[in-house]
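S.K.: heads up, no residue letters with this:
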C-alpha cells in the first residue's frame, strides 16, 4: 500500500460499481493530500460467505478518511443487517434486524488507539421498529504492550421478553434459571475501565436496574488490582434498593509458595424501617447484618438481626388481592458470633453437648402466622401458627464455634384461643460441619411434642385433627455421604387422639390393616424408625375386649405390627393421604 501511494500521487474515483448476486457495492473517493473513501452497500447477503455462522442482508454506508501512512484514520457511518440469523453450537436464532450508527478515530504509533462514539447499536424484530436491545455510549481502546478498555455507557436497555423469543434454544435453556429476574428487562449505565498488563486493573462505577427485583437501581463500584503474586480488593461496593442494601468487600490475597493466603473482610447489611417488596411478592423490614473476616485458614464474624419481618404473598386469582394467602415471620432477633476453621476435621461426642444449665436465649421470633389456617379458613388479622398477640413464637440459644452449630434448646410456643397449647421443643441439637466434606459431617438432635392439640392448626376440622398428641423424634447421622442410608431416625407417638390415630395408621400401614385397626382396635401408640433408607413402623394397638379381628392378626390382646417401607414410597403415601384429608 505504501508503494502504491508513492506511485500514485493523485487518484480520483467518481464512481466504481460492483455487482454480485443482486447486491450492489458502490465506491467513490480520492487520493490527494490525504485519502478519502465513501462506501455504499445494498442488498449484500452475508450468508453467501458466512453460512451457517451468520446470515443477513447488509445495507449501509461508511466514510473513511486517512493520511498517507494510515497512522490517523477517521470513520463514520451507519450499517443495518436485516433478517439476521446467527448460530451458537449449531442452534439457530430467529430472524432480527440489527442497526449500528457510529463514528470514531484510529491512531497508530507505538500502540493502537481506537475512539468510538456509538450513537445507536440496536436489535429489532422484523416487523416492529421498536428495538428490544439498545446500546449507546463511548469507548476508548488501547492495544500495545498493555491493553486498556475504557467504556462510558450512556444506555444499555434490554427487553428480555422479546429477546428471549429470538435466542437460540440452547441459550434460552441456559437462562431459564434467571428468567424471573430478567423478564421485566435490564437497564445499565455508567463507566468501566479494564487494563490488562503485568498488573491487571478492574474499575467500574455502574448502575444496574432490574425491575423484576426492585424499582430502584443497584450501584456497583469496583476497584481491583490483580498481579502475579497479589490481588488487592481496594473497593468492592454494592448499594441497592434505595441504599437499604449495602455489600462491601475489602482486603487482599497474597501468593506464598504457590498458595494463596487471604485477608478479606465482608460487610453485608439490609436495613429498612418499612415493609418493602424486594422481589416477586417478598417483603422485608428491619435490620440484618453480616460481618465476616476470611483470614489464612479461618472465617470469623457475626450475624446480628434486629426486629426483622418477612412476608410472602402468594399469587392468586381473587378479585380482592388482600384475600390472597400470605405467610409472615414477625420480629426475628438473633445475635450469633461464629468461627469456622477451614480444612479442620472435627470430632465430637454427642454426650459432650448435654447441658444442664440453659443459657439466655439469643434468638427470638415474635410470631409465625398467615391469613389462612391449614384447613383453608380465612382470618382477617392473621392466624397464628406459633406465638400469639402477647407471646413469642420461638425462643432459643444458638452457638457456632469449632465448626459446630449447637442448639441446647429451641422452644416453640403454640396457643389455642390465647392459651398455651402444649410444648414443642428441639433439644441438644448439633450439626458438625467439620472440614465441609460430607463424609466427615454429622448431625444429631431430639425433638419433643407434649400435649399438643392439632386442632390449633386445623380449627374448623370436624374430627380428624382434634385431640392432644404427644411424641418424640431422635435423629442422628454419622456421615452426610449418602445421607438417607446413614441417618438413623426413631420416633414415637405415645399419646394420640382416636380420630388422628386412624389418620396416621392410614399413612403408615396397608389399607387392610388400617381398616382393621380403625374398626376393631384401640391405638395405644405409633413408632417409626428410619434405618438405612427403609421406614419401619410399629403400631401399638389394644383390643377393646370381647371378640375382635385383632385375634386374626395375632392371638393377643395387645400386638405390635411391623412393616418395612422404602422411604420414597412412604413419603409418596403420606403426601397422598394428607392431600385427601385437606381436600
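M.R.: Arrived safely. Here the structure is a predicted model, which is why all the values come from computation and not from measurement.
S.K.: quick one: contacts of stretch 280-289?
M.R.: The set of residues external to stretch 280-289 that reach it, using C-beta atoms under 8 Å, 6 or more residues apart in numbering, is 180, 212, 268-278, 302-315, 332. Using the backbone N, CA and C atoms, a C-beta is placed for each residue, glycine as well.
S.K.: so which bits of it are buried?
M.R.: Within stretch 280-289, the residues that count as buried by 16 or more other C-beta atoms under 10 Å are 283, 284, 285, 286, 287, 288, 289.
S.K.: same check on stretch 484-495?
M.R.: 486, 487, 491, 492, 493, 495.
S.K.: so which of the residues you listed belong to strands?
M.R.: Cross-referencing the buried residues of stretch 484-495 against strands under DSSP state E gives 487, 491, 492, 493, 495.
S.K.: about what we covered before: which of the contacts of stretch 280-289 are buried?
M.R.: Among these, those classed as buried by 16+ other C-beta under 10 Å are 212, 268, 270-272, 278, 303, 305, 308-311, 313, 332.
S.K.: circling back to that earlier point, out of the ones in strands among the buried residues of stretch 484-495, which comes closest to residue 374?
M.R.: residue 493 (18.7 Å; C-beta to C-beta).
S.K.: how about the contacts made by that closest one?
M.R.: Contacts of residue 493 (C-beta under 8 Å, 6+ apart): 469, 470, 471, 504, 525, 526, 527.
S.K.: if I look at it, how far off is residue 415?
M.R.: Distance of residue 493 to residue 415, computed by C-beta to C-beta, to the nearest Å: 22 Å.
S.K.: all the helices of the stretch 351-500 of the chain, in order from the start?
M.R.: Taking DSSP state H, counting those that start in this stretch to define them, one finds helices in the stretch 351-500 of the chain at 483-486, 498-508.
S.K.: swap in the stretch 1-150 of the chain?
M.R.: 2-7, 47-50.
S.K.: could you identify which of the ones you listed has the lowest mean pLDDT?
M.R.: With a mean of 58, helix 2-7 has the lowest mean pLDDT of those.
S.K.: run a quick neighbour tally on the residue nearest to residue 214 when sequence neighbours are not counted.
M.R.: Leaving aside its chain neighbours, residue 214 sits nearest to residue 241 (5.0 Å; criterion: C-beta to C-beta, 6 or more residues apart in numbering). A total of 20 residues lie near residue 241 under the criterion other C-beta atoms under 10 Å.
S.K.: for residue 241, give me the backbone phi and psi.
M.R.: When read as degrees, to the nearest 10, the backbone of residue 241 gives phi 50, psi 60.
S.K.: how far away is residue 370 from residue 359?
M.R.: 32 Å.
S.K.: my guess is residue 225 contacts residue 231, does it?
M.R.: Yes: using C-beta atoms under 8 Å, residue 225 is in contact with residue 231, at 7.2 Å.
S.K.: now the buried residues of stretch 484-495 in JSON lines, with pLDDT?
M.R.: Below are the buried residues of stretch 484-495 laid out as JSON lines (pLDDT from 0 to 100):
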{"residue": "486", "pLDDT": "86"}
{"residue": "487", "pLDDT": "88"}
{"residue": "491", "pLDDT": "91"}
{"residue": "492", "pLDDT": "90"}
{"residue": "493", "pLDDT": "89"}
{"residue": "495", "pLDDT": "86"}
